[in-house]
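Chemist: Take a look and give me a structure for this.
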Amino acid sequence: MTQSNPRISKAVIPAAGLGTRFLPATKATPKEMLPVVDKPAIQYVVEEAVAAGLSDVLMITGRNKRPLEDHFDRNYELEEALSRKGDESRLKAVQASSDLATMHYVRQGDPRGLGHAVLCAAPHVGDQPFAVLLGDDLIDPRDPLLSRMVDVREREGGSVIALMEVDPSQIHQYGCAAVEPTADGDVVRVTQLVEKPERAEAPSNLAIIGRYVLDPAVFAILRETEPGRGNEIQLTDALQKLAADEKAGGPVHGVVFKGRRYDTGDRGDYLRAIVRLACEREDLGPEFRDFLRSYVTEEMQRN
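Modeler: Here you go, the predicted model:
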C-alpha cells in the first residue's frame with residue numbers, strides 16, 4: 001500500500017429510494033427494513049462493509065427513512081426488557097446492530113439519481129477513497145467481494161467496480177462494461193461504460209452490480225455531469241469519464257464476481273434470497289428444508 005492509495009475506511013450506502021416495487025408494504029416502511037429471514041436487508045449490507053474493514057458508514061436517506069436510524073441506534077427499553085427476562089440471545093442480536101459501526105446520515109432531498117446520491121457524501125468523505133454499497137444487492141458473506149475490491153484499489157489506485165456476467169437478454173437492466181484482461185483472472189481494466197444499453201449496443205455481457213470503490217476525483221466529475229438516462233445524474237457516466245482519462249482520477253478496474261448474490265430489489269429474487277438463506281441456517285435449515293421438500297412434492301403431484 002502506498003501513500004497515494006490509502007486504506008479505505010468509509011462506506012456510503014444510498015438508501016433514499018421509495019421502494020415502489022414492494023408497495024403497499026413500503027408505504028410506511030423503508031424497503032431497506034424489509035426482513036430477510038430475521039434481519040432487515042440493510043443490516044446485511046452494513047455487516048458486509050464492516051467485514052471489509054470499513055468502520056465509518058454514511059447512509060444517504062430521504063423522507064420516511066427514520067426507521068433506518070432507529071435500527072442502528074440503541075433501544076434501551078427493549079434491551080432492559082430482554083435483560084430482565086434473561087433472554088441473552090435476543091439481547092445480543094438487538095445490540096449487534098447498534099455496535100456494528102460508526103453510523104452517519106444525510107438526506108438526499110431531491111432524488112436525482114445514484115450519481116447525485118454519491119455526491120451528497122462529498123462533505124463527509126472529503127479527499128479519501130470510499131466504498132459505495134447499494135442496498136438491493138446482498139453479497140453472501142462467504143464470497144468476500146468488497147474486500148477483494150479494496151485490495152485492487154490499494155494496488156492499482158483509481159476506482160474499482162463490481163462486474164457480473166448476466167444473460168445478454170438482461171443486460172439492458174444494468175450498466176455495462178467493455179473491458180481488457182489483466183494478469184489477475186478476476187480483474188479487468190474497464191475501457192468503456194454504458195448505462196442500460198440495448199442488447200445490440202451492449203459492449204459485453206458484464207453488468208455492473210451494486211458495489212463500487214471510488215477515487216474522490218469522482219466528486220468533481222459528478223458536479224459537472226449533466227443528467228443522463230432517466231433525467232438523472234448517472235454514476236456510470238462519471239465513471240466513464242474516469243475510465244477514458246486516467247489523469248482525471250482513473251484508471252477504472254473491475255472485479256468479475258462469480259459468487260452468490262441476492263437481488264432484494266426484485267420481489268421474486270427477494271423471496272428466493274429468503275429461502276436460500278433460511279435453508280442454510282443451522283437453526284432453521286433442517287426443518288425448513290423438510291417443509292420445502294414436502295411442499296414441492298405436493299405441488300408436483302397436484303399439477
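
Chemist: now for the longest helix along the chain, which elements pack on it?
Modeler: Scanning the chain for the longest helix, with DSSP state H as the assignment, gives helix 285-302. Using 3 or more Cβ pairs under 8 Å, 6 or more residues apart in numbering; DSSP states H and E, the elements in contact with helix 285-302 are helix 267-279. Backbone N, C-alpha and C define where each C-beta goes, glycine included.

Chemist: Excluding its own residues, what touches the helix it packs on? List them.
Modeler: 21-22, 34, 36-37, 138, 260, 262-264, 284-285, 288-289, 292 (Cβ atoms under 8 Å, 6 or more residues apart in numbering).

Chemist: Check what contacts the longest helix of the chain and list those residues.
Modeler: Against helix 285-302 from outside (Cβ under 8 Å, 6+ apart): Val275, Ala278, Cys279, Arg281.

Chemist: Now do that helix against helix 267-279, angle only.
Modeler: 130 degrees (axes from the mean of the first three to the mean of the last three Cα atoms, to 10 degrees).

Chemist: list the buried ones in helix 285-302?
Modeler: Along helix 285-302, these residues count as buried under the neighbour rule (16 or more other Cβ atoms under 10 Å): Phe288.

Chemist: With stretch 82-102 instead?
Modeler: Judged by neighbour count using 16+ other Cβ under 10 Å, the buried positions of stretch 82-102 are Leu82, Leu91, Val94, Ser97, Leu100, Ala101.

Chemist: Same list as before, those residues that is, but in TSV and with secondary structure and distance to Val256 included.
Modeler: Listed next are these as TSV, based on DSSP: H, G, I helix; E, B strand; the rest coil; distance: Cβ to Cβ, whole Å:
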residue	secondary structure	distance to Val256
Leu82	helix	44
Leu91	helix	41
Val94	helix	38
Ser97	helix	32
Leu100	coil	29
Ala101	coil	28
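
Chemist: Mind putting the residues you listed into CSV with pLDDT?
Modeler: Shown next, in CSV, are the buried residues of stretch 82-102 (pLDDT from 0 to 100):
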residue, pLDDT
Leu82, 95
Leu91, 94
Val94, 92
Ser97, 91
Leu100, 90
Ala101, 91
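
Chemist: what does the average pLDDT come to for stretch 29-38?
Modeler: For stretch 29-38, the mean pLDDT works out to 93.

Chemist: With just CA atoms, put it into PDB.
Modeler: The C-alpha trace of stretch 29-38 is given here as PDB (Å, rounded to 0.1, in the frame of the first residue of the first chain):
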ATOM      1  CA  THR A  29     -41.800   1.000   6.000                       C
ATOM      2  CA  PRO A  30     -38.500   1.700   4.200                       C
ATOM      3  CA  LYS A  31     -37.700  -1.100   1.700                       C
ATOM      4  CA  GLU A  32     -34.300  -1.400   3.300                       C
ATOM      5  CA  MET A  33     -36.000  -2.500   6.500                       C
ATOM      6  CA  LEU A  34     -37.900  -5.400   4.900                       C
ATOM      7  CA  PRO A  35     -36.700  -8.600   6.700                       C
ATOM      8  CA  VAL A  36     -34.500 -11.200   5.100                       C
ATOM      9  CA  VAL A  37     -35.200 -14.100   7.400                       C
ATOM     10  CA  ASP A  38     -34.800 -12.200  10.700                       C
END
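
Chemist: Distance from the chain centre to it, please.
Modeler: 15 Å (Cα atoms, centre = their mean, to the nearest Å).

Chemist: ok, now stretch 35-42?
Modeler: That offset, for stretch 35-42, works out to 14 Å (Cα atoms, centre = their mean).

Chemist: mind listing what's buried in that stretch?
Modeler: Result for stretch 35-42 [16+ other Cβ under 10 Å]: buried residues Val36, Pro40, Ala41, Ile42.

Chemist: Kindly indicate which of those residues lies nearest Arg223.
Modeler: Using Cβ to Cβ, Ile42 comes nearest to Arg223 of the buried residues of stretch 35-42, at 27.8 Å.

Chemist: got the contact list for that closest one?
Modeler: Ile42 makes contacts with Ile13, Ala15, Glu32, Met33, Leu68, His71, Gly135, as judged by Cβ under 8 Å, 6+ apart.

Chemist: Now intersect the residues you listed with the helices, please.
Modeler: Filtering the contacts of Ile42 for helices - DSSP H - leaves Leu68, His71.

Chemist: quick one, strands of this protein?
Modeler: 10-14, 35-36, 39-40, 56-61, 102-107, 130-133, 137-139, 159-165, 175-181, 187-195, 206-214, 252-256, 261-263 (DSSP state E).

Chemist: Could I get those in CSV, plus columns for distance to Ala122?
Modeler: As requested, the strands of the chain are arranged in CSV below (distance: least, Cβ to Cβ, whole Å):
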stretch, distance to Ala122
strand 10-14, 10
strand 35-36, 31
strand 39-40, 27
strand 56-61, 10
strand 102-107, 10
strand 130-133, 10
strand 137-139, 23
strand 159-165, 15
strand 175-181, 21
strand 187-195, 21
strand 206-214, 11
strand 252-256, 19
strand 261-263, 28
